[in-house]
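Colleague: Got a sequence here, can you build the structure:
(2 chains)
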There are 2 protein chains.
Amino acid sequence: MKDAMYIPTYQDMLAAHERIKPHIRRTPVRVSDYLNELSGAQLFFKCENFQEPGAFKVRGAANAVFGLDDAQAAKGVATHSSGNHASCLSYAAMLRGIPCNVVMPRTAPQAKKDIVRRYGGVITECEPSTSSREETFAKVQAQTGGDFVHPYNDPRVIAGQGTCAREFIEQVDGLDAVVAPIGGGGMISGTCLTLATLAPQVQVIAAEPEQADDAYRSFKAGHIIADDAPKTVADGLLVPLKDLTWHFVRNHVSEIYTASDAEIVDAMKLAWKHLRVVLEPSSAVPLAVILKNPQAFAGKRVGVIVTGGNVDLDKLPWIQGAFP
Amino acid sequence: MKDAMYIPTYQDMLAAHERIKPHIRRTPVRVSDYLNELSGAQLFFKCENFQEPGAFKVRGAANAVFGLDDAQAAKGVATHSSGNHASCLSYAAMLRGIPCNVVMPRTAPQAKKDIVRRYGGVITECEPSTSSREETFAKVQAQTGGDFVHPYNDPRVIAGQGTCAREFIEQVDGLDAVVAPIGGGGMISGTCLTLATLAPQVQVIAAEPEQADDAYRSFKAGHIIADDAPKTVADGLLVPLKDLTWHFVRNHVSEIYTASDAEIVDAMKLAWKHLRVVLEPSSAVPLAVILKNPQAFAGKRVGVIVTGGNVDLDKLPWIQGAFP
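Modeller: Below is the predicted model of the structure:
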C-alpha cells in the first residue's frame, strides 16, 4: 500500500470508509436559495469543515493511522503540512493514542498551529517553501521513526479522501459536477477515484488560486509544474501536485478554473453571509470560480466540497485587507 | 386564533408543522467535542441560522402567512421587529406573493435591513425603543390594512416556533434540557408548548443578556417587568415579554440564566471557532450561560437552539470592541 506507485482503487476507498466511520462525521449538505440565484446553478455545499478538527483531511489521516500495524503505531506518524493535514493527523493519532510529529511553515495561521497542539501534535517549524519543508521533514522523520503520512501523495490518504464523494452521492441526487479546491490534489484525487466507479457521469472540476496556479498550468501543459513558495490568501493550497495526484488529475479531472485572491475573499464573505458557515479562504475557491464562470455551471446541479473551516477570527481578510 | 388570550395548543403546533414544512428547512444538529469538554456537558446545537432567511422566526412567520384566507392575504401582513422576524415575515410573504410592511429600529444591523429588502419587505424606521416602535407601527398598520403578525405574542407564531423543538426531539435522543435565548419569548414559548406534551421530562431553560434581563426579573418577581430601550450586543433580545409568552414562561420554564455582553461575545467567538457556524450575538447567549453555570449542566445532554445567523460581517464585536 505504501509504494508511491500504488494507485488506490475503489475497493481501497470502500475499505477506508469502513475503517474510518467510527472516527469521522458524515457531514451535512447546505444549500442557499440566494447563492443559487446568484450563480444560476443549484449548489450543494458538503460541510467538511464540520469534521471535529475542521477539515476533510481527517478522512485520509484516520485511514492511515488506523491502518497501521501495532509495531509501527508504537513509533507513531509524521508529516509536513500547511495546516489541516497536520491537525487532522494529530487528531487521528490522538484517537489511537500514538505520537504525531509535524513540520509546519512558520507562517501558517495561528489557529492551525493551536489546533495541532491541542491534539497533542509536536510541531517543528520550517520556512514557507516546499524545499525548506521537505528538508526539515527529513530530519524530523529520521529522529522519530514515525510513519510518513504524506498530506496527499499517499494511496491511503487518497482512498480516505474519496469517502467524502461517496457520502455526497448518497446525499444529493443527480449531481452534474463536483467542484473542490486543488492544492496538492488529495481531495480531487479521492473524488476522481470514487466517482470514476460510483458515478462516472459526474464531472470533477478543480478550483485553484490564480496566485498558486501550478495545477492549472500542469493540466494545460500535460506534465507536472511545481512552484516554490507561491503566495495566496488560500493558504491551504500552496503545495504542488505529485505523481499519484497527477495521475488522477490528468486522467479524470474535466477542467481546472482559477480565481484571484480578491475573488476568493469575496466568495468567502458571501459564503459566510448566506450559508452561515465558517469556511477558510481555500474552501471559498470553488464558489469563486463558479461565480466567475457562470456559462460552465448554469442550470447544473453542482456539488461543492467545503474543505475546511480553520480561520484566524481576529484576522479576517475582508476586514484587514491583509491578504498577500 | 387571533384573540390575544387564545393559548395555542399542541394540535396547533402539529397543524403548523404540516402547513410550513414545504417552506422551511429541517435544520441539522451540530456537535463539538471541544465544546463538550469545555462545558462538561453533551451539547447539541440545532442550527436554525441555516433557515434560508437565517433565523428560526421563519417558522412562526410562515405559519401566520400561509394560514391567512385569500381576502386577508391580498392586503398582506405587517409587523414590527428588531430584525429577524421582519426578514422572516418578508420571506414568507414573498413565498406566498403578498405584501409585507415592517417597522424596524433605525439602529438595527444593516445586514438585517438588507435582508428584509431583498425579500421585498417595505421598511419604516423607528427609534430603538418599545414605545417608538409601537407608535410607528400603529400608523403603518392603519395605512396598509396588513394583518398584524406580532413577532412573538401571537398564537400562530408560537405554534410555528414550537415545530423546532419537535424536530429536535426527533433528532437527538435523551435530552435533559433545551436552552434557548429569551427576548420576547416566542421561541421559548413554542419550545414549552411542544415539550410539555411531547417530552415533559425535558427542562426548558432560557438564556438572557444581563443588560436586557427583564424576563429574568419578571420570572423572579412573578409578573411581567418591561424595560424601554435596553442596550446589549444581543440585538435580537431587546423586547419584553407579553401576556401569551409570559403564560408559557411562568408555567413551563425551569430557570432563566443571564450573561454579560463580554461573556456573550466570548461565547459567540467560541462557537464560530469550534462549531464553524456563523451565529449572531443573541444566539450565543445559551452557550454563554452554559459555560457560566457548569454546575447546572454538567453531565447532561443539553439541546441549544441556535436562533439566527444574521451578522454584519464588517462589524464583529470581538474585533471592534464595539458592543454597547
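
Colleague: Which strand or helix spans the spatially most central residue of chain A?
Modeller: Centroid check for chain A by CA atoms, centre = their mean gives residue A:187 as the closest residue, at 5.0 Å. Taking DSSP states H and E as the definition, one finds residue A:187 inside helix A:186-198.

Colleague: Kindly provide the distance from the residue located most distally from the centre of chain A to residue A:84.
Modeller: Of all residues in chain A, residue A:71 has its C-alpha farthest from the mean position, at 29.0 Å, by CA atoms, centre = their mean. Separation of residue A:71 from residue A:84 (CB to CB, to the nearest Å) stands at 28 Å. The C-beta positions use only the backbone N, C-alpha and C, and glycine is treated the same way.

Colleague: And residue A:70, by the same measure?
Modeller: On the measure of CB to CB, residue A:70 and residue A:84 end up 27 Å apart.

Colleague: do residue A:211 as well
Modeller: Residue A:211 is 19 Å from residue A:84, where distance means CB to CB.

Colleague: More neighbours: which of the two?
Modeller: residue A:84 (33 against 20; other CB atoms under 10 Å in any protein chain shown).

Colleague: Do you know the pLDDT at that one?
Modeller: pLDDT recorded at residue A:84 is 90.

Colleague: wait, what's in contact with it?
Modeller: Applying CB atoms under 8 Å, 6 or more residues apart in numbering or on different chains to residue A:84 gives the contacts A:53-57, A:112, A:236, A:307-308, A:310.

Colleague: let's go with 7 Å and repeat that
Modeller: Residue A:84 makes contact with A:54-55, A:57, A:112, A:236, A:308, A:310, according to CB atoms under 7 Å, 6 or more residues apart in numbering or on different chains.

Colleague: Which residue is the nearest non-sequential neighbour of it?
Modeller: Nearest non-adjacent residue to residue A:84, counting by CB to CB, 6 or more residues apart in numbering or on different chains: residue A:55, 3.7 Å away.

Colleague: Near that neighbour, how many other residues are there?
Modeller: Residue A:55, neighbours per other CB under 10 Å, totals 31.

Colleague: Hmm, residue A:308 and it touching each other?
Modeller: Yes: using CB atoms under 7 Å, residue A:55 is in contact with residue A:308, at 3.6 Å.

Colleague: Mutual contacts of those two, please.
Modeller: Common neighbours of residue A:55 and residue A:308 (CB under 7 Å, 6+ apart) are A:48-49, A:84.

Colleague: Correct me if wrong, but residue A:204 is in a strand.
Modeller: Yes: counting by DSSP: H, G, I helix; E, B strand; the rest coil, residue A:204 falls inside a strand.

Colleague: Show the subsequent helix or strand relative to whichever strand or helix holds residue A:138.
Modeller: Following DSSP H and E, one finds residue A:138 within helix A:130-144. The C-terminal neighbour of helix A:130-144 among helices and strands, as given by DSSP H and E, is strand A:147-148.

Colleague: contacting residues around that next one?
Modeller: A:68, A:72, A:75, A:77-79, A:141.

Colleague: For chain B, state which of the contacts of residue A:84 is nearest.
Modeller: residue A:54 (6.2 Å; CB to the nearest CB).

Colleague: Model confidence for residue A:115, exactly?
Modeller: 85.

Colleague: Residue A:3 now?
Modeller: 51.

Colleague: again with residue A:80
Modeller: Reading off the model, residue A:80 has pLDDT 87.

Colleague: In this structure it contacts residue A:133, no?
Modeller: Yes: judged on CB under 7 Å, residue A:80 makes contact with residue A:133 at a distance of 4.9 Å.

Colleague: thinking again about what came up before, got a list of what the residue nearest to residue A:84 touches?
Modeller: Counting by CB under 7 Å, 6+ apart, residue A:55 has contacts A:48-49, A:84, A:88, A:307-308, A:310.

Colleague: Just the ones in strands from the contacts of strand A:147-148, please.
Modeller: A:77-79 (DSSP state E).

Colleague: ranking those by neighbours, who comes first?
Modeller: residue A:79 leads the ones in strands among the contacts of strand A:147-148 on contacts (other CB under 10 Å) with 29 neighbours.

Colleague: what's near enough to touch that one?
Modeller: Contacts of residue A:79 by CB under 7 Å, 6+ apart are A:85-86, A:89, A:102, A:148-151.

Colleague: buried set for stretch A:297-312?
Modeller: For stretch A:297-312, the neighbour count (16 or more other CB atoms under 10 Å in any protein chain shown) marks A:297, A:300-312 as buried.

Colleague: Equivalent analysis for stretch A:284-301, please.
Modeller: Neighbour-count burial for stretch A:284-301 [16+ other CB under 10 Å]: A:284-293, A:296-297, A:300-301.

Colleague: could those residues go into a markdown table alongside distance to residue B:19?
Modeller: Putting those into a markdown table (distance: CB to CB, whole Å) gives the following:
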| residue | distance to residue B:19 |
| --- | --- |
| A:284 | 37 |
| A:285 | 40 |
| A:286 | 36 |
| A:287 | 34 |
| A:288 | 39 |
| A:289 | 40 |
| A:290 | 34 |
| A:291 | 35 |
| A:292 | 40 |
| A:293 | 40 |
| A:296 | 39 |
| A:297 | 34 |
| A:300 | 33 |
| A:301 | 28 |
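
Colleague: now, which of those residues sits nearest chain B?
Modeller: Closest to chain B, out of all of those and judged by CB to the nearest CB, is residue A:284, at 13.1 Å.

Colleague: Okay, and which of the buried residues of stretch A:284-301 map to helices?
Modeller: If you go by DSSP state H, the buried residues of stretch A:284-301 have A:285-292, A:296-297 in helices.

Colleague: Give me the subset of the buried residues of stretch A:297-312 that also touch chain B.
Modeller: residue A:309 (CB under 7 Å from any CB of the partner chain).

Colleague: pLDDT and distance to residue A:318 added to the buried residues of stretch A:297-312, as CSV?
Modeller: Formatted as CSV, these follow (pLDDT from 0 to 100; distance: CB to CB, whole Å):
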residue, pLDDT, distance to residue A:318
A:297, 98, 24
A:300, 98, 28
A:301, 98, 29
A:302, 98, 24
A:303, 98, 26
A:304, 98, 20
A:305, 98, 23
A:306, 98, 18
A:307, 98, 20
A:308, 96, 18
A:309, 95, 16
A:310, 90, 17
A:311, 90, 12
A:312, 88, 13
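
Colleague: Chain B contacts on the stretch 101-250 of chain A?
Modeller: Counting by CB under 7 Å from any CB, no residue of the stretch 101-250 of chain A is near chain B.

Colleague: what about the helices in the stretch 101-250 of chain A?
Modeller: Secondary structure of the stretch 101-250 of chain A, counting by DSSP state H, counting those that start in this stretch: helices at A:110-118, A:130-144, A:155-171, A:186-198, A:214-221, A:243-252.

Colleague: Least confident of those helices, on average?
Modeller: Taking the mean pLDDT of the helices of the stretch 101-250 of chain A, helix A:110-118 comes last: a mean of 85.

Colleague: and that one, how far from the chain's centre?
Modeller: 17 Å (CA atoms, centre = their mean, to the nearest Å).

Colleague: what's the domain layout of chain A?
Modeller: A:10-55+A:161-313, A:58-148 (automatic domain parsing).

Colleague: so can I have JSON lines of these showing distance to residue B:256?
Modeller: Listed next are those as JSON lines, based on distance: least, CB to CB, whole Å:
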{"stretch": "domain A:10-55+A:161-313", "distance to residue B:256": "27"}
{"stretch": "domain A:58-148", "distance to residue B:256": "33"}
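
Colleague: And the ones you listed: which comes nearest residue B:204?
Modeller: domain A:10-55+A:161-313 (24.8 Å; CB to CB).

Colleague: Distance of the residue farthest from the centre of chain A relative to chain B?
Modeller: Residue A:71 sits at a distance of 29 Å from chain B (criterion: CB to the nearest CB, to the nearest Å).
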